[in-house]
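[1] give the three-dimensional model of this entry:
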Amino acid sequence: MESIIDKHNLTRMDDVMSNFDHIIERDIEERLRKDDCYAGYPAYNFHGNVMFKNNKFVCEIKRYSSLVDIIEGDTLE
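    So this is what the prediction gives:
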């Protein structure tokens with residue numbers, strides 16, 4: 001599995017959400033929809049990077065720096 005988020009050509013935003021408090025930062029969500037950027041999704045047992053691509057939110061999930069999954073959805077919820 002290969003990364004689809006090109007961090008070198010995208011702006012890094014603050015974290016868009018975490019699994020600690022389950023709160024989505026709506027201002028960052030809107031920036032993801034509009035701009036060429038990505039945001040972090042920190043969690044206890046993984047770390048995700050989220051971007052908006054082809055009208056979907058895409059999240060690359062890594063554990064111990066290894067890409068383990070790529071998920072997508074219409075919303076961040």
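[2] burial count for the closest residue to Met1 other than its chain neighbours?
    Once flanking residues are discounted, Met1 sits nearest to Leu67: 5.3 Å by Cβ to Cβ, 6 or more residues apart in numbering. Placement of C-beta: from N, CA and C, glycine included. Counted with other Cβ atoms under 10 Å, residues neighbouring Leu67 total 15.
[3] who does Leu67 form a beta bridge with?
    In this entry, Leu67 is beta-bridged to Lys62, by DSSP bridges.
[4] which helix or strand contains Arg33?
    helix 26-34 (DSSP states H and E).
[5] elements contacting the helix or strand following that helix?
    Once the chain leaves helix 26-34, the next helix or strand it forms, by DSSP H and E, is strand 37-42. Other helices and strands packing on strand 37-42, by 3 or more Cβ pairs under 8 Å, 6 or more residues apart in numbering; DSSP states H and E, are strand 11-12, helix 26-34, strand 47-53.
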